[in-house]
Structure formats: structure tokens, C-alpha cells
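Undergrad: A predicted structure for the sequence below; I have some questions about it.
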Amino acid sequence: MRCQVSMCPTVEIRVPRCNVMASYSRTAERRLNYIVLLLLISSFGPYVFPELGVRLEQIVIYSLFVLLIMGRLLSIGSPGLNSHLLTLAALLGLTIVWTSLPTFFGEHPRMSVERVVSGIERFSRPAATILIFALATRSIETRGLRYSLRLSCLVACVLVALNSVLCVTQVFVDTWPVAQFFLRPEETQDQSKGLWQVCVSVGRYSGIFMQPFENGVAHSIGIMAWIYYASCSRKVSVALWVLLGLVTIGGLLSISKAFLFGGISVGLVYLLLSSPGRRIFSWKVALPAVASAVALEEVFDTWKGTSDLMRFFVESDYEMDTLSRFTGARFSSGGSIILDYFETIWNAEPFLGFGFGYDHGFPFDNAWLEFFAQGGLFALSIYCLVLVLLGRLAARGWEQRQQEGSLLIALWILVIGCGFGAPMLTLNRSSTVLWVLVSLCIVIISSSPALRNEVQREATNPSSD
């Protein structure tokens with residue numbers, strides 16, 4: 001009798017590749033959301049080492065950058081990075097390299113090592129922020145990117161609204177015990193002479209920001225972020241409209257021209273062209289608006305900056321002409337201080353500029369002036385190229401009828417307009433919020449099939465000119 005031994009077949013267990021990729025994508029999405037929260041919250045954080053001028057924002061940005069770079073070096077076969085973000089970061093890095101030439105090899109003396117480091121850091125911080133998103137957004141689908149952008153907009157609005165609460169509080173009580181942790185000590189030791197206290201004394205309240213312009217830029221970005229978030233929401237709740245009211249009030253209390261003629265103007269056009277703008281005149285919006293106006297009547301009655309705000313809209317006894325009044329004396333019918341500064345630099349160092357840390361004798365109240373004064377025509381050309389790249393991507397998003405394209409256009413117009421008042425791309429705190437939104441918009445627009453196909457065609461079919 002023969003005994004037959006049956007052999008059991010070998011069972012091979014395979015994990016579906018799609019499940020692994022989906023799990024990896026979800027992990028990357030959660031990581032991106034944590035990064036967004038850390039960047040935005042830290043941008044409104046205090047000075048950790050006040051004597052060195054180190055803010056929580058800077059510690060978080062450079063720490064995340066180093067960690068993501070190390071993760072990139074250790075990863076094998078990871079997907080490529082977004083080329084548009086890499087280009088923007090490279091342009092800012094090139095600005096640092098070029099401007100370092102007159103800084104370390106030029107004939108003009110530096111003010112201090114601290115001023116040189118501070119000047120370099122104003123450009124390295126945005127570049128690091130952009131690279132963080134180039135590293136953190138790979139392998140994330142468009143849906144996950146849009147969720148991160150919506151989260152960024154909501155968190156930015158809440159943070160700006162909290163700053164508005166502090167601005168309103170300044171109308172009634174002295175908020176210096178809180179604000180002192182967010183301002184440089186050497187600039188505010190003597191409160192009677194500090195810039196922050198001078199602004200407070202005339203009724204221009206900026207919360208945690210040193211200057212009204214910085215506050216105005218932050219609240220202008222907050223308005224754009226609110227409109228995008230509301231456009232992506234199925235229903236615009238009363239609480240969301242109240243949030244917009246808070247963002248607006250904080251910008252008004254600083255009497256910032258960046259907010260009055262930038263944020264409000266661009267925001268109104270953006271709002272009316274968006275989906276929540278079509279529902280703005282409903283009774284659900286009218287009731288909280290009236291209630292808010294009644295509640296804020298006491299604020300504006302007590303606010304000593306009311307007359308300073310109204311001078312932009314009614315005839316007053318100010319000796320400044322209209323153009324000078326609307327531009328903060330930067331431009332006037334009799335000439336322009338900014339153009340005089342440009343002429344001074346052109347006659348001295350038109351090509352190289354003066355470098356970082358040089359005492360120009362005038363403030364950088366203009367983005368074009370900052371690039372030209374420090375890096376000459378070459379650095380100014382880089383700034384123009386950055387604006388062109390941002391505008392080109394925004395236009396592509398608009399053509400594809402993407403909401404991210406509309407947001408990027410609004411931010412792009414804001415950057416150009418506010419650039420005549422201060423360097424918006426390199427400002428403390430506000431620029432981090434700006435680059436978070438801009439970077440996510442760029443990645444989403446770049447991930448659309450239409451744009452990917454166009455990029456591939458440009459790569460495979462070079463111009464025949």
C-alpha cells in the first residue's frame with residue numbers, strides 16, 4: 001500500500017502597493033498639517049532670547065528645515081521636489097550670495113555684526129520656509145494639500161483675530177506687560193521714546209507688532225485667508241463672519257495704509273468675486289454686523305486715533321497734500337523721498353549696492369529700495385523676477401478656475417502694492433504667514449494635470465526659435 005504525501009502549496013502574502021502608498025500619503029499629510037501649525041503659531045510667538053533678537057519663529061523655521069533636509073538625505077527613491085518652490089528659494093539664496101559681496105569685500109563700513117546677520121536672516125528665513133514646503137509636500141495628493149491650505153487660512157485668521165483682541169484692549173488699558181515679550185528690548189526699554197509707545201500715544205494700536213505697517217500686512221493677509229476659507233466652505237456661519245469682523249477691526253485700529261488701501265481694497269474685490277460674496281447681504285449676516293457695530297461704538301468713541309483715520313477720507317487741516325497723505329510722505333506732488341534715496345544709491349553703488357548692515361541714513365520703507373540699496377541692480381532684478389514668477393503661477397491658477405489661483409492673485413497684488421510701503425516678502429512675522437499660504441498655493445496649482453502636462457511639453461519640446 002503506497003502512502004502519498006500531499007504537499008501544501010506555498011502561500012505568498014503580498015501587501016497591495018496602493019495601500020502602502022495611501023498610508024504613506026496620510027502620514028505625510030498629517031506631518032504637513034503639524035508643520036503648518038508650528039510655523040503659523042510660532043510666527044506670532046515671543047522673543048525667546050531677546051538680548052540676541054531670536055524669536056520663536058526663527059527657532060521653529062530653521063529646526064524644521066534641518067530636520068527635513070536630514071530626512072531627505074536619508075530617504076531612498078523619494079519623489080522630486082516642486083521646481084517652482086526650488087526656483088523661488090534659489091533666487092532668494094542668490095540674493096544673499098550677491099549681497100554678501102559688497103558686505104564682506106566692499107569699501108563701506110558695516111554698522112555691526114548683528115546688523116549684518118539680521119540682514120542676511122531677513123532673506124534666509126523666507127528661503128528656508130519655502131524649502132520646508134518643497135520638502136514636506138512631496139507625495140501628498142491635491143486633496144490633502146487643499147486641506148492643509150484651508151487649515152492654514154483658518155489658523156492665520158484666528159491668530160490675527162487674537163491680535164485684534166489685544167488691539168481693542170489697548171484702547172482702554174496699557175497692554176505693555178503683554179506686548180513687551182514680543183518686541184525687541186533695546187527698542188522699547190524707554191517706553192517714552194520707543195516706536196511702539198509712540199504709535200500707541202497717537203492711537204495707532206498694533207498688538208504684538210512693532211509698527212502699524214507690520215500689523216496692517218498681517219491683517220490684510222488675514223482677510224485674504226478668510227475669503228479663501230469661506231469660499232471652500234459649504235456654509236458661511238455667523239461665527240465665521242464675526243471672525244472676519246475681528247480681523248478687520250484690528251487692521252483699522254493700527255491706521256495702517258497697507259490695510260486701508262491694500263487689504264480692504266483687494267479684499268473687497270476678492271470677496272465680491274468669490275462665492276461667499278454673493279451671500280453677503282443676507283439677514284444672517286446683517287444681524288451680527290449690526291450687533292457688532294453697536295458693541296464697538298464704545299471702542300471708537302474712546303479711540304483717540306479716530307481723527308487720524310478720518311483724515312484719509314475727509315478734508316482736514318493737515319498741511320500734507322493728498323498724495324503725501326496717502327503714501328505716508330513717501331511720495332508727494334513736490335517730489336519723492338524714495339526716489340531721492342534711489343538717486344543717492346545710483347550715484348554711489350548702482351550695481352553692487354552697499355550690502356547688509358550698512359547705515360544708509362534712511363529706513364527701508366520700500367521693497368524695491370531694500371533690494372536696490374543692499375544688492376544694487378542685480379538684486380533688484382531678482383526681486384522683479386520673483387514677482388514675475390508669482391504672477392505667472394497665479395495667472396495659470398486663475399485660467400484653470402482654481403480657487404488657489406484667485407488667492408494667489410490677491411496675495412500677489414497685495415505684495416506689489418504694499419511693496420511701495422515696506423518689504424512685505426521679508427518682514428518679521430508677517431512674511432512667514434505669507435509664504436506659508438503662497439507655497440501651498442504654488443504646490444496645488446503645480447499639481448493640477450493641465451499644468452503638469454504643460455511643464456512636460458516644455459521639457460520635451462524646447463522652443464524652436
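TA: Yep, that arrived.

Undergrad: for the stretch 251-400 of the chain, what are the low-confidence residue spans?
TA: Within the stretch 251-400 of the chain, the segments meeting pLDDT under 70 span 275-336, 360-364.

Undergrad: Spell out the residue ranges of the helices in it.
TA: 257-258, 264-273, 283-295, 297-302, 306-310, 322-326, 337-348, 367-399 (DSSP state H, counting those that start in this stretch).

Undergrad: Which positions within the second one qualify as buried?
TA: Of the residues in helix 264-273, those with enough neighbours to count as buried (16 or more other CB atoms under 10 Å) are I264, V266, G267, Y270, L271. Every C-beta, even on glycine, is put in place using the N, C-alpha and C of the backbone.

Undergrad: What is that helix packed up against?
TA: helix 212-232, helix 403-418 (3 or more CB pairs under 8 Å, 6 or more residues apart in numbering; DSSP states H and E).

Undergrad: Just say which of the ones you listed is most tucked in.
TA: Mean neighbour count (mean count of other CB atoms under 10 Å) peaks for helix 212-232 among these, with a mean of 27.

Undergrad: any idea how far the closest residue to T103 other than its chain neighbours is from M111?
TA: Nearest residue to T103 in three dimensions, chain neighbours excluded: G355, at 3.3 Å (CB to CB, 6 or more residues apart in numbering). Counting by CB to CB, to the nearest Å, the gap from G355 to M111 is 11 Å.

Undergrad: more neighbours, the two?
TA: G355 (24 against 14; other CB atoms under 10 Å).

Undergrad: can you tell me which residues contact that one?
TA: Residues near G355 by CB atoms under 8 Å, 6 or more residues apart in numbering: T99, S100, L101, P102, T103, F104, G106, H108, R110, V116, Q374, G375.

Undergrad: and L369, how far is that from A379?
TA: Counting by CB to CB, the gap from L369 to A379 is 11 Å.

Undergrad: element containing the residue nearest the centre of the chain, please.
TA: When CA atoms, centre = their mean is applied to the chain, the residue found nearest the centroid is L434 (1.4 Å). Element membership of L434 [criterion: DSSP states H and E] is helix 430-446.

Undergrad: angle of that helix against helix 403-418?
TA: 140 degrees (axes from the mean of the first three to the mean of the last three CA atoms, to 10 degrees).

Undergrad: so what secondary structure elements neighbour helix 430-446?
TA: Checking 3+ CB pairs under 8 Å, 6+ apart, helix 430-446 ends up next to helix 17-43, helix 83-105, helix 113-136, helix 142-172, helix 212-232, helix 367-399, helix 403-418, helix 449-460.

Undergrad: on that earlier part again, which of the buried residues of helix 264-273 sits closest to P350?
TA: Nearest to P350 among these, counting by CB to CB, is V266 at 32.8 Å.

Undergrad: give the contact list for the closest one.
TA: S220, M224, A410, I413, L414, G417.

Undergrad: Quick check, the second one in contact with I409.
TA: So that's M224. No. If you go by CB atoms under 8 Å, M224 and I409 don't touch, sitting 9.8 Å apart.

Undergrad: one step back: gap between the residue nearest to T103 and N428?
TA: 20 Å.

Undergrad: Kindly report the same for I132.
TA: 18 Å.

Undergrad: Which of the two has more residues huddled nearby?
TA: Neighbour tally, I132 and N428, criterion other CB under 10 Å: the higher count belongs to I132, 28 against 20.

Undergrad: Need the pLDDT of that one.
TA: Looking at I132, its pLDDT stands at 97.

Undergrad: What residues does it make contact with?
TA: So I132 contacts I35, L39, I61, L64, F65, L68 (CB under 8 Å, 6+ apart).

Undergrad: State the helix or strand in which the third one lies.
TA: I61 is part of helix 56-74 when elements are defined by DSSP H and E.

Undergrad: how near is the residue nearest to the residue nearest to the centre of the chain when sequence neighbours are not counted to L427?
TA: Setting aside the residues directly before and after it, L434 is nearest to I221 in space (CB to CB, 6+ apart), at 5.7 Å. Using CB to CB, one obtains 10 Å as the distance from I221 to L427.

Undergrad: Please apply the same query to G376.
TA: Distance from G376 to L427, by CB to CB: 22 Å.

Undergrad: again with L244
TA: Counting by CB to CB, the gap from L244 to L427 is 23 Å.
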